[in-house]
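In: Quick one: sequence and predicted model below, then my questions.
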Amino acid sequence: MASTAGTDRLAQLKAFDDTKAGVKGLVDAGVTAVPPIFHHPPDPHDAASNAHAAAATIPVIDLASISATNNAAAHHHQLVAQVKAAAETVGFFQVVNHGVPGELLARMLTSVRSFNEEPAESRRPYYTRDPARRVRYQSNFDLFHSPAANWRDTIFIESVAAPEEMPPAFRDVVPEYTRQVRALGAHLLALLSEALGLDAGYLQRDAGCLDGGPALGCHYYPPCPEPRLTLGTTRHSDPSFLTVLLQDDAVGGLQALVGGGGWVDVPPLPGALVVNVGDFLQLMSNDRFKSVEHRVVAVPGTAAARVSAACFFRPTGAAASSRAYGPLPDLVNPPEAPRYRSVTTVEFLGYHRQKGLDGRSALDQFRLLP
Ligand code: OGA
Ligand code: NI
């Protein structure tokens, strides 16, 4: 019985993937029920979430620099303290006055929407599961590995992709957007370095956290006819040092599992960017910083599609396969011991991809101590 069901599921996954039109294609075809390949078991944390959400919120941090020199040191000190508190607890914060122009944020979101709302024939040439392609449009990177598929389509754009490789909707905006977010990433890494008691340049210069530039994952969450049966994104933590996420102003649905207690909304805040600590920073900081699990609930069928763009800071290229990361010796004070073994980001990412989003954190694979 089980193997018949398994064969049937595989056939359904293949049929869906072969359309190369994503979940958007299903919605355009007028589906009124969520196909079984997208069905998720109920989440045990859902019941606890309402009570918990009232108790925990995601902090908003104002990065505006102040010019009055007599206040600059105190202001900087305060900023580091805010970033430290967020990174050590909820693992998420939103930033305002971050330096990336609002007009560029708007153009980035419009590009994601435009690409996904073009006719399926225009999107199809970009649809691939070939990891060697630097621009990859696909529905569910882990479609054939995860226990249940997500109501989401994604286009990944690696930092080394040339504008001509990108769909026309992205060519004019992605290079500028990733350049600006990289500058913000440098600022955030300096604050996070100081929050760990390290030299401000440590994470960028010594650890190479900004090497290779950010990989961009642009997500499209079409409205879903039965949102309670599925998810936009299964719970996971990010295989990055740091992630900077742009979400649209209206729809919402991103939630963080704060303190393991319940799901807390990360509400859309116009003009803000969402920042979260990734797995590599949790590993390097020996669990001082938290790479908090998060998910996206499916968009109700009456709403507009939700769009987001995530910049993942992680090394690419030769550096990624040769350099291993482990808990930083300066942050492991005896009698404490390193809680993780060293691992290259290539090995970590390979494990994350092969495992798929299955509700377990990839970090556990490299953990030495509970
Ligand atoms: C991710 C992610 C959330 C979103 O890409 O890792 O968590 O809002 N995205 O799309
Ligand atoms: Ni994520």
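Out: Structure's in. What do you need? Ligands and ions are numbered 1, 2, ... in the order given.

In: only C-alpha atoms for contact and neighbour calcs from this point on.
Out: Noted.

In: Output stretch 270-283 as PDB, restricted to C-alpha atoms.
Out: Included here for stretch 270-283 are C-alpha records, laid out as PDB according to Å, rounded to 0.1, in the frame of the first residue of the first chain:
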ATOM      1  CA  PRO A 270       6.400  49.700   4.900                       C
ATOM      2  CA  GLY A 271       9.900  50.800   4.100                       C
ATOM      3  CA  ALA A 272      11.500  48.400   6.600                       C
ATOM      4  CA  LEU A 273      13.700  45.400   6.000                       C
ATOM      5  CA  VAL A 274      13.600  42.200   8.100                       C
ATOM      6  CA  VAL A 275      17.000  40.900   9.300                       C
ATOM      7  CA  ASN A 276      17.500  37.400  10.800                       C
ATOM      8  CA  VAL A 277      20.500  35.600  12.200                       C
ATOM      9  CA  GLY A 278      21.300  32.500  10.100                       C
ATOM     10  CA  ASP A 279      22.600  29.100  11.000                       C
ATOM     11  CA  PHE A 280      26.300  29.900  10.400                       C
ATOM     12  CA  LEU A 281      26.200  32.800  12.900                       C
ATOM     13  CA  GLN A 282      24.600  30.600  15.500                       C
ATOM     14  CA  LEU A 283      27.300  28.000  14.900                       C
END
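
In: starting at the chain centroid, how far to stretch 308-317?
Out: The chain centroid and the centroid of stretch 308-317 are separated by 8 Å under Cα atoms, centre = their mean, to the nearest Å.

In: quick one: contacts of it?
Out: Applying Cα atoms under 8 Å, 6 or more residues apart in numbering, the set of residues contacting stretch 308-317 from outside is 108-109, 112, 178, 181, 185, 208-220, 239-248, 345.

In: And stretch 15-24, by the same measure?
Out: Applying Cα under 8 Å, 6+ apart, the set of residues contacting stretch 15-24 from outside is 25, 116, 120, 123-124, 127, 138-139, 151-153, 222.

In: of all those, which comes closest to ligand 1?
Out: Each of these was checked against ligand 1 using Cα to the nearest ligand atom; the closest is residue 152, at 8.9 Å.

In: What's the local residue count around the closest one?
Out: Counted by other Cα atoms under 10 Å, the residues lying close to residue 152 total 26.

In: Also the one 5 residues further on?
Out: Residues contacting residue 157 under the criterion other Cα under 10 Å number 24.

In: ok, the nearest residue to it once chain neighbours are set aside - how many residues close by?
Out: Using Cα to Cα, 6 or more residues apart in numbering and skipping the chain neighbours, the partner closest in space to residue 157 is residue 135 (4.6 Å). Counted by other Cα under 10 Å, the residues lying close to residue 135 total 24.

In: Give me the pLDDT value at the residue nearest to residue 367 when sequence neighbours are not counted.
Out: Ranked by Cα to Cα, 6+ apart and with sequence neighbours excluded, the top spatial neighbour of residue 367 is residue 340, at 4.3 Å. Residue 340 is assigned a pLDDT of 96 by the prediction.

In: quick one, phi/psi of residue 340?
Out: With angles defined as degrees, to the nearest 10, residue 340 sits at phi -130, psi 160.
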